[in-house]
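[1] Provide a 3D model corresponding to the input given below.
(2 chains)
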Amino acid sequence: MDTITTKLSSEEIFNLMKQFITEVIGEEFVEEMDITPESSFTKDLEMDSIEIVSFSEKIKAHFGEQIDFTGWLSSMDLDQLINLNLGMIISYIEECQS
Amino acid sequence: MPIITVNGKSVHIQELNKEATETIVLVHGMFSNLSVYYFNIAPLLATKYHVVLYDLKSHGMSEKALEGYDLESMTNDLFALMEVLNLQKVHLGGYSFGGLIALKMAIRFPERINKLAIIEAPDPNDDKTRGIIDEYSREFLEHYVENFTDTTKVKMGKRQMERNHRMYEYLFYQTSIKTDMELEKDFFGSPAIETIKQSTLLLYGTDSNCLNAGKHLDGMIKNASLIAVRGDHNIPIQQPLVIAEALLNFFQEI
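    Take a look at the predicted model:
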């Protein structure tokens, strides 16, 4: 597990999220997208639930005990999960680092 | 991504709270994957239990397989998974087709199953259940997704639709799933169901086409109790916290 402990800036977190998304859905699809912090997982990135599981696992593997990503997701209802965007995750990770 | 080898095939699993003493294994439904539990249901159960989720063959991120979709084979897979993970006795939950797998496990390996939770398991002899398999087409998928989105609010994008279409086409036209399911049509009429002794929770949607199947099981399984939850066949997606709490209460009851 490549757990890190250094504090990342929001831009670094954003780039890391983009890297994870690319690994999950493939470069050919990412090239056609304009990924921004406002991009929502289901509507804009068209990620399905098992891809979001893969994405979550990557976050957990990277940040380890630092954040309880699954616990955070489990507090959301369906509407919140559908509307989840990258900016919300970046804010959550920043909060956990502070 | 945790991938283990079971019966020579790669199986995607997720485990939560490995330190807990008792284990719950959850089985997803046909054309679905472990994510149906991953976000809401499993984390709540994992506050007290070791929770194991896995993707069935050809589903989610598990390896594809051309054959072995009958309940005997599917329970062989689950039994082998338990052996690999060294799980001697577990609580078992299953949703939809996964509920049929869970029932079959309780019949075949009663000594390995503690409590049993069945969510929306359909009667395999029901016309609507078999109709889905007989009449698959691209139009069916689009129609299905349209109805599915009405009740779960999740809209599929073009790439997701293509992915799902490829999975459905593979399962319907290349694997033995149709003939294997045909063989199971008398499962609910089988006296074997009446041999289930485990304490059994039946969770069904008040507006589900499968509610009668739940009532049927309630009549056949001696230690069963049926709870109707507001919603249709998609209750784990529509009411994840209600389902999770019902499961947690049930597994914790002495």
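
[2] Next, count neighbours for B:L66.
    The number of residues packed near B:L66 is 12, by other Cβ atoms under 10 Å in any protein chain shown. From N, CA and C alone the C-beta is placed, and that goes for glycine too.

[3] Hmm, it is touching B:I177, no?
    No. The pair B:L66 / B:I177 is not scored as a contact, 9.6 Å apart, by Cβ atoms under 8 Å.

[4] quick one: low-confidence ranges for chain A?
    A:1-5 (pLDDT under 70).

[5] What parts of it come near chain B?
    Within reach of chain B by Cβ under 8 Å from any Cβ of the partner chain, chain A has these residues: A:25, A:29, A:42-43, A:46-50, A:52-54, A:56-57, A:70-71, A:73-74, A:76-79, A:81-82.

[6] what are the phi and psi angles of the closest residue to B:E22 other than its chain neighbours?
    Excluding the flanking residues, the one nearest B:E22 by Cβ to Cβ, 6 or more residues apart in numbering or on different chains is B:Y49, at 5.4 Å. Main-chain dihedrals, B:Y49, degrees, to the nearest 10: phi -130, psi 160.

[7] can you pull the contacts of B:Y49?
    B:N17, B:A20, B:E22, B:T23, B:I24, B:H91, B:F251 (Cβ atoms under 8 Å, 6 or more residues apart in numbering or on different chains).

[8] Do you know the pLDDT at B:A192?
    In this model, B:A192 is scored at 96, pLDDT.

[9] For it, give its distance to chain A.
    33 Å (Cβ to the nearest Cβ, to the nearest Å).

[10] and the nearest residue to that residue once chain neighbours are set aside, how many neighbours does it have?
    Closest residue in space to B:A192, ignoring its immediate chain neighbours: B:I107 at 4.8 Å, by Cβ to Cβ, 6+ apart. Applying other Cβ under 10 Å, we find 18 residues neighbouring B:I107.

[11] which helices and strands sit right next to whichever strand or helix holds B:I107?
    Following DSSP states H and E, one finds B:I107 within helix B:97-108. Where contact means 3 or more Cβ pairs under 8 Å, 6 or more residues apart in numbering or on different chains; DSSP states H and E, helix B:97-108 is packed against strand B:23-27, helix B:71-84, strand B:90-95, strand B:113-119.

[12] so who does the residue most central in space within chain A touch?
    For chain A, the residue nearest the mean C-alpha position is A:M17 (5.1 Å; Cα atoms, centre = their mean). A:M17 is in contact with A:L86, A:I89, A:I90, counting by Cβ under 8 Å, 6+ apart.

[13] B:E72 now?
    B:K104, B:R108.

[14] and with 10 Å instead?
    Neighbouring residues of B:E72 by Cβ atoms under 10 Å, 6 or more residues apart in numbering or on different chains: B:K104, B:R108, B:D180, B:L183, B:E184.

[15] do the same with A:I93
    A:8, A:10, A:13-14, A:16-17, A:59, A:62-63, A:66-67, A:69, A:72.
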